[in-house]
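> Next comes the sequence, and after it the predicted model I'd like to discuss.
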Amino acid sequence: MKLSDSPFFSNRILVRDLIGLLLVLVIGIGGQIFILNPIGVLAPNIPLLSPQDWTGSRISSGVADSSGSHVRQWKLKRIFGIGLQVGQYSALNTGAEISQAIIWYAESAEAIAAWQKRDTGQPGGFFNTQPVMTTHLQDGMPESILFCTKYTASGFKCAYFAYSGHWYTNVWFWSGGSTYLSMADVQNITTRINQLLLKAPDKP
């Protein structure tokens, strides 16, 4: 009898094939999870938005950790960012974009200071309008504020600032019209940011 005809050898081939199939399934499922929620895979503890938070969007600029390479600086402050996009706003003004930067501070007082200086260096006049929405720490929410330019059919922009604990974030919204990003979308996304901030750990 040939070795290849023995039950043991046949079983080993079957086991090998099953292991190979299992690996393909695991890699395939893992890849799908990564595509659907790369933030959750690469940075599960960072309160960053993902395409799941904005239906139909894609990542236009990947998860970035812009922290300094110096160990001491890295321990004191870390900066993360992501961009999401629908359509081709930057090229054709036929879409919308969201850009989020979030900073972790080792000292929570630094997050408060960043919040208090949020208007520094921003375009003059944009923040002279009344905020569209605010939340307060006293209400069990992050301290936050949302400003928007006048909403028109041709487009608008908004800026959202929030902090909670050791985290401070600013999020910019640009839209070529309500088809791509409505005010209801903006408010839903800011609500999601608040949820992420409330669940964020004291340290990334």
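The structure has been received and is ready for your questions. Numbers count the residues shown, from 1 in each chain.
> Quick check: W104 touching K203?
Yes: contact criterion Cβ atoms under 8 Å: W104 and K203 qualify, at 7.3 Å. C-betas here are computed from N, CA, C, even on glycine.
> Please save the CA atoms from stretch 76-93 in CSV.
Taking C-alpha atoms only, stretch 76-93 is exported to CSV below (Å, rounded to 0.1, in the frame of the first residue of the first chain):
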residue,chain,number,x,y,z
LEU,A,76,3.0,64.9,27.7
LYS,A,77,0.9,65.4,24.5
ARG,A,78,-0.2,63.3,21.5
ILE,A,79,-2.0,64.6,18.4
PHE,A,80,-4.2,62.4,16.2
GLY,A,81,-6.1,63.2,13.0
ILE,A,82,-8.4,61.8,10.3
GLY,A,83,-10.2,63.1,7.3
LEU,A,84,-13.5,61.8,5.9
GLN,A,85,-15.0,62.6,2.5
VAL,A,86,-18.1,62.2,0.3
GLY,A,87,-17.8,63.1,-3.4
GLN,A,88,-15.0,65.4,-4.5
TYR,A,89,-15.4,68.6,-2.5
SER,A,90,-11.8,69.8,-2.5
ALA,A,91,-11.6,69.4,-6.3
LEU,A,92,-15.0,70.1,-7.7
ASN,A,93,-17.1,71.4,-4.7
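> domains for this structure, by residue range?
Following automatic domain parsing, one gets these domains for the chain: 3-33, 45-199.
> Pick out the shakiest of the ones you listed, pLDDT-wise.
For the domains of the chain, the weakest mean pLDDT is recorded on domain 3-33, namely a mean of 47.
> sorry, back to before: out of W104 and K203, which sits in the busier spot?
Neighbours were counted for W104 and for K203 using other Cβ atoms under 10 Å; W104 has more, 25 against 10.
> Which neighbours do W104 and K203 have in common?
Residues touching both W104 and K203 (Cβ atoms under 8 Å, 6 or more residues apart in numbering) are H166.
> For the chain, which segments are assigned as helices?
Ranges of helices within the chain are 7-36, 38-42, 71-76, 89-92, 108-116, 183-199, based on DSSP state H.
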